Structure formats: C-alpha cells, structure tokens
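Asks: Got a predicted structure here, sequence first:
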Amino acid sequence: MHEPLILIPGLMSDARLFGQQIVDLSRSRAVMVVLPHPGQTMEEISAHVLGVAPARFAIAGLGLGAHVALDVMRRDLSRVTMVAFLSADPLGETPDAAATREKRMILARTGRLAQAMAEELPPRALANTPARDDIMALVEDMAFAMGEEVFVAQSRALQRRRDQQKTLRRAMMPALVLAGAQDGLVPVRRQSFMAELMPSARVQVIEAAGHLLPLEQPEAVSHALEMFFNGPLVLR
C-alpha cells in the first residue's frame with residue numbers, strides 16, 4: 001500500500017467536492033479528507049492538518065485547500081511524500097483583492113451568504129457545460145451547510161496568506177498541478193508558473209473544466225490523480 005492521501009477541499013466545500021476521487025483513489029491507499037478549518041490563518045489551519053495527519057502522507061488540495069497544503073509543506077517538508085495542487089495560486093493576496101474579499105465577508109456577516117458566494121464563485125469560474133447549474137447548486141448547498149462563520153474565517157485566512165514561492169522552490173517531492181482549461185478565477189498560465197517553481201513538478205490541463213474540476217470532470221481528474229500518485233515518477 002502507498003502512503004495515506006490527505007484531500008483538502010476549497011473554500012466552503014466539504015468532502016463532496018472530492019466524492020468521485022475518494023471512491024477511485026481509495027482502491028489503492030487510505031484516503032482522508034481534512035476540511036480547512038478551524039482557524040482564521042493558514043498557519044492555524046495547517047497546524048490542524050499536521051496534528052491529525054499520519055507520520056508520512058501524500059496531499060492534494062484545491063484552491064484554499066492548495067494554500068493549506070502549501071503551508072503544511074512550509075512547516076514540515078519531511079512528512080509530505082507527494083503533492084497535487086488543483087486550481088492553485090502560489091502568490092499572496094493583492095491589496096485590491098483583499099479589499100474586495102472584505103466586502104464579501106461583510107455580506108456574509110449580515111446574513112447574505114448566498115450573495116457572498118455568488119461573488120466569490122460566479123458561474124464564469126466554471127466551464128460552460130450542461131452540468132454547471134447542478135454544480136452551482138451543490139456549491140450553494142455545501143456553503144450553507146458550513147455557515148457564515150466558516151466563510152468569514154476561511155476568507156480571512158485567504159486574505160492573510162503568504163507568498164509561497166520559496167516553499168515551492170525548496171520542495172523536492174513529486175508534484176502535479178492540475179488546471180481547468182476554462183478556470184475563470186486562476187488562469188492556466190498562473191498555475192503553470194507554479195509548476196515551474198518546483199524542481200519535480202508538471203502541469204496537466206483538464207479540458208472542459210473550470211475552477212471546480214473534480215466536480216466538472218470527475219473521471220478525468222480521478223485518472224490524472226491515480227496516474228500521478230500510483231504511477232512511476234517521471235521527471236520533467
């Protein structure tokens with residue numbers, strides 16, 4: 001058996017984000033989902049992940065989950081054997097983006113979580129496929145299940161996140177960057193830049209997928225992750 005795999009969902013998402021991947025990847029290894037909370041900083045959340053993680057593990061995260069995975073690596077590279085980033089951005093938040101995020105936190109605090117989520121993850125963030133409306137409905141359901149306090153805490157962690165380029169340059173483990181070809185939030189070129197920072201990373205683009213590629217193209221994402229985590233290491 002391989003090392004256990006930790007999956008970390010993105011903002012206001014639960015294990016349903018990785019539903020198909022949990023089923024598929026569990027055939028060859030133990031899979032555990034760690035939600036990116038409690039905590040209002042990446043440091044607090046990553047400390048929680050390390051506290052529940054086994055001694056050695058592989059890790060994959062989407063969006064906020066990818067930022068948490070990066071901070072786990074910053075804190076203890078020796079425990080992470082392989083890493084996959086989905087819809088990920090290694091940079092810190094710009095002042096303009098932080099100000100916009102503050103407005104969405106105010107919406108959530110005043111009982112307008114649906115509006116905050118609609119601004120955080122608009123339909124254009126996903127590929128224009130027949131499944132988009134159903135995925136957006138699931139996104140809303142996951143968000144309301146988690147609640148306004150979690151939205152504010154996770155948003156604050158994203159707002160205060162650090163630039164992780166140094167972490168990526170020090171990370172020698174095999175790494176995969178999975179990008180949705182139609183990601184309306186994090187351009188493919190930004191994700192390709194992330195892969196270029198790592199000594200042993202490669203980028204793979206999933207067609208007909210946007211920011212939530214595990215839900216938009218579940219079979220393709222499962223296949224890519226299975227080939228990476230279970231297959232032989234191929235250095236670029």
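Replies: On my side now, so go ahead.

Asks: List the beta-bridge partners for the residue most central in space within the chain.
Replies: Central residue of the chain (CA atoms, centre = their mean): Leu62, 1.3 Å from the mean position. When bridges are called by DSSP bridges, Leu62 pairs up with Leu86.

Asks: Would you enumerate the residues in contact with it?
Replies: Ile8, Pro9, Gly10, Ser13, Leu17, Leu86, Ser87, Ala88, Leu212, Leu213, Pro214 (CB atoms under 8 Å, 6 or more residues apart in numbering). Every residue, glycine included, has its C-beta placed from N, CA and C.

Asks: all helices of the protein, in order?
Replies: 19-25, 42-52, 64-75, 95-109, 113-120, 132-146, 148-159, 165-170, 188-197, 213-216, 218-230 (DSSP state H).

Asks: Of all the ones you listed, which one is nearest Met32?
Replies: Among the helices of the chain, helix 42-52 comes nearest to Met32, with 7.9 Å by CB to CB.

Asks: Contacts made by that closest one with the rest, please.
Replies: Outside helix 42-52, the residues touching it (CB under 8 Å, 6+ apart) are 6, 8, 32, 34, 36-39, 67-68, 70-72, 74-76, 79, 157, 160-162.

Asks: give me that answer again for 10 Å
Replies: For helix 42-52, contacts defined as CB atoms under 10 Å, 6 or more residues apart in numbering pick out 6, 8, 32, 34-39, 41, 57, 59, 61, 64-65, 67-76, 79-80, 153-154, 157-158, 160-162, 164.

Asks: Could I get the buried residue list for that helix?
Replies: Residues Met42, Glu43, Ile45, Ser46, His48, Val49, Leu50 are the ones in helix 42-52 that count as buried (16 or more other CB atoms under 10 Å).
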